[in-house]
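Chemist: What follows is a predicted protein model with its sequence.
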Amino acid sequence: MLHVQHLQKSFGVAAVLSDVSFVLNDGEHVGLIGPNGAGKSTLLRCLVGDAQPDGGSIVLSPVGERIGYLPQAFAEGDHRTLGQVVADAQADLRAAEAEFGYHPGYTRADAVLDGLGLGAIDPSTRAAQLSGGEKTRLGLAVLLLNEPDLLLLDEPTNHLDIDALVWLEAFLASYPHAALLVSHDRAFLDATVSRVLYLDPESHGVRAYRGGYTEFAAAREQERLIQAQTWRRQQEYVDRVQRDISRHKSVARSIETSTTPNQPGIRRLARKKAALAKSRERKLERFLESDERVERPKLHWPINLDFLNFAPPPGGRAALEVQDVSFGYPGAPPLVEHVSFEVRYGQRFALVGPNGSGKTTLLRLVEGRLQPDSGRIRLGKNVRLGVMAQEHETLDPDLSVLATVLRERPMSQQDARAFLPAFLFSGDSVFKPVRACSLGERSRLQLASLVLRGCNLLLLDEPLNHLDVESREHFEAALDAYAGTVIVVAHDRVFLRNFARHVLEVRGGQVTRSGW
């Protein structure tokens, strides 16, 4: 259906896509993954014609197949109402059905809007007035109602709560046409795709893997193991040949210095040794320059995660007590009512629930930014509260990574540089200014700062937003080594199941406690 051959795209001298080739068959659902900045969105924009490739070909067959594209931003300048947007989508589908014989899907409008959490919004609300998350979900709803032959979705899981994620997974599982999905949600990829295309940030090409994310991760780990084993064998060979070359040269020099021209037979042996050394040097150079030479594997997580010297101060048995708390914004019904729960020191809680249910409000009540209408919130003895800002506004963009941690706790540069590798900052990366750091690096740096402040109760509101899969795994590993108490709002189910042992679900004004 979609044939991409030898696609090339550069911005100035920086290559983004290089010799990208793949085929997407009718009805096939494929995931496109890779680090942030690798070129995934650029590839999708080339596929829909919003960006022109520098070379290669993109062929969609048969001619007339419809493409539906969801970019990461939607409806910024759209002045239609939500009802008008949905009605226009229905009209487009009816026109397509009349012209091409497509099966009408517009009777699903209410189900799609409800499934994506838009059913309760007044249809007269203008699209431009919706929140960023609501705009994304509206764009997704329009695409699903149109049922295109090829669905291109760039981060469709952003701004979706777990209920909407589960609904979208079920919808896509039964979607009859082709789909190419960019996502960092591992559980979502496992549930929706049968093949993964990995966009390599170094080669700028794609590699295909069978299965969902779990199978892809296992295959990549096996590749890393094979690469490491092969590199070690080759390095042993290189070391052995270099020692042999050095030995032959040493023998030749020793003969030359210990003999005279009157001993031509012995000096002939020296020349043979020198020639043999030169021959082996040329052979080694050819091997080092050949395609069979394997690069040294990059340092891969986990690395030293020793927080013993930076452990948070001990807290009491109860880190947090919430007793019969109710809260509502002025002029609106109560958002939460008669909420009570206790968090003990060292526990990890996932705070889950539909969008708008009050999760962020509950965190702000615990933080003290909001005051309850009734009830009481009490922090335990010796509890030091730390809050991770979603927009990283607590970081000074002009400071380096190293200067940031030195500002948080008096210590030597040597101690700081020994601490930072726990957050995947090592070598020259510690001198990088915060403004040049990726979102994932800033999230890890914020966590490092909170640890150094001695915070032993962390409130994390969507800390994984906009992080690619590798950055999420790095953040999880760093957070898992943290010894304090954590309450985290997140929609990444793999992260929540791996990290949190307790669940607080906010729904219908109530908070229910459970475990996984």
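Modeler: Nice, I can see it.
Chemist: from here on, contacts and neighbour counts on C-alpha atoms
Modeler: Noted.
Chemist: Alpha carbons of stretch 184-192, as CSV, please.
Modeler: In CSV, the C-alpha atoms belonging to stretch 184-192 read as follows (Å, rounded to 0.1, in the frame of the first residue of the first chain):
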residue,chain,number,x,y,z
HIS,A,184,6.4,6.3,23.5
ASP,A,185,3.7,4.3,25.4
ARG,A,186,5.0,0.8,25.6
ALA,A,187,1.8,-0.9,26.6
PHE,A,188,-0.1,1.0,23.8
LEU,A,189,2.4,-0.3,21.2
ASP,A,190,2.2,-3.8,22.5
ALA,A,191,-1.6,-3.7,22.2
THR,A,192,-1.9,-2.0,18.7
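Chemist: next one: it to chain centre, how far?
Modeler: 12 Å (CA atoms, centre = their mean, to the nearest Å).
Chemist: outside of that stretch, which residues touch it?
Modeler: Stretch 184-192 is touched from outside by 29, 31, 33, 155, 157, 165, 169, 172-173, 183, 211-214, 467-469, 492-494, with contacts defined as CA atoms under 8 Å, 6 or more residues apart in numbering.
Chemist: Same check on stretch 53-67?
Modeler: 1-10, 19, 46-48, 148-152.
Chemist: Just the ones in strands from those, please.
Modeler: 2-10, 19, 150-152 (DSSP state E).
Chemist: between the residues you listed, which is closest to Y198?
Modeler: D19 (13.5 Å; CA to CA).
Chemist: so what's the closest one up against?
Modeler: By CA under 8 Å, 6+ apart, the residues touching D19 are 5-8, 56, 204-205.
Chemist: can we see that at 10 Å?
Modeler: Residues near D19 by CA atoms under 10 Å, 6 or more residues apart in numbering: 4-9, 55-56, 203-206.
Chemist: now swap in L464 and tell me
Modeler: Counting by CA under 10 Å, 6+ apart, L464 touches 184-185, 390, 439-440, 443, 471-473, 475-476, 489-492, 495.
Chemist: Distance check, it against L379.
Modeler: L464 is 26 Å from L379, where distance means CA to CA, to the nearest Å.
Chemist: Need phi/psi at G132.
Modeler: Backbone torsions of G132, given as degrees, to the nearest 10, read phi -60, psi -40.
Chemist: Please enumerate the strands of the stretch 301-450 of the chain.
Modeler: For the stretch 301-450 of the chain, the strands defined by DSSP state E, counting those that start in this stretch cover 318-327, 336-344, 348-352, 374-379, 385-388.
Chemist: cool, and the stretch 1-150 of the chain?
Modeler: So, for the stretch 1-150 of the chain - with DSSP E, counting those that start in this stretch - the strands run 2-11, 14-24, 29-33, 55-60, 67-70, 150-154.
Chemist: does N498 sit in a helix, a strand or a coil?
Modeler: Following DSSP: H, G, I helix; E, B strand; the rest coil, N498 is assigned to helix.
Chemist: circling back: now flag whichever of the ones in strands among the contacts of stretch 53-67 is closest to T257.
Modeler: Lowest distance from T257 to the ones in strands among the contacts of stretch 53-67 (CA to CA) belongs to D19, with 56.2 Å.
Chemist: Spatially, what comes nearest to that closest one if we skip its sequence neighbours?
Modeler: Leaving out its chain neighbours, the residue that sits closest to D19 by CA to CA, 6 or more residues apart in numbering is H6, at 4.0 Å.
Chemist: Check T394 too.
Modeler: In space, T394 is closest to Q446, 8.0 Å off (CA to CA, 6+ apart).
Chemist: Look up how far G55 lies from the one you found.
Modeler: For Q446 relative to G55 (CA to CA), the value is 41 Å.
Chemist: Check A109 too.
Modeler: Distance of A109 to G55, computed by CA to CA: 40 Å.
Chemist: So T404 sits against R417, correct?
Modeler: No. Shown here, T404 and R417 do not form a contact pair, counting by CA atoms under 10 Å, at 11.8 Å.
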